[in-house]
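J.: Here is a sequence together with a model predicted from it:
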Amino acid sequence: MATRRLLTRREVERIVRMPRSSLYEEMTAGGFPKPIRVGKRRVRWFEDEIAAWVESRDRAGSQPDGTGKSSG
């Protein structure tokens, strides 16, 4: 059985190119994978769930700012 890799918040922020506040807004809206608690003050996300979320955003043509347009 394969082990699922866990990502820190900083790793997730870097992958999805969003600050912490936006991650939690996305979770509240129900569109972002919820983390698992691994300690009193530590949470982690499953790498495969984050990758699937990024892929779904890419397919939909959305940018991390949620506009569907690039910011450049």
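T.: Yep, that arrived.
J.: Just give the number of residues close to the residue lying closest to residue 15 once chain neighbours are set aside.
T.: Closest residue to residue 15 apart from its sequence neighbours, by C-beta to C-beta, 6 or more residues apart in numbering: residue 50 at 5.9 Å. Just so you know, the C-beta spots here come from the backbone N, C-alpha and C atoms, and that holds for glycine as well. Residue 50 is flanked by 19 other residues according to other C-beta atoms under 10 Å.
J.: what sits against the most centrally placed residue in the chain?
T.: When C-alpha atoms, centre = their mean is applied to the chain, the residue found nearest the centroid is residue 50 (4.9 Å). Taking C-beta atoms under 8 Å, 6 or more residues apart in numbering, we find residue 50 in contact with 7, 12, 15, 16, 33.
J.: helix or strand for it, which one?
T.: Using DSSP states H and E, residue 50 sits within helix 47-60.
J.: May I see the buried residues of that helix?
T.: 49, 50, 53, 57 (16 or more other C-beta atoms under 10 Å).
J.: any idea of the mean pLDDT in stretch 5-19?
T.: Taken as a whole, stretch 5-19 carries a mean pLDDT of 96.
J.: Repeat that for stretch 61-71.
T.: 54.
J.: before we move on, the earlier item: could you check how far the residue nearest to residue 15 is from residue 10?
T.: Separation of residue 50 from residue 10 (C-beta to C-beta, to the nearest Å): 13 Å.
J.: where do the helices sit along the chain?
T.: 9-16, 20-29, 47-60 (DSSP state H).
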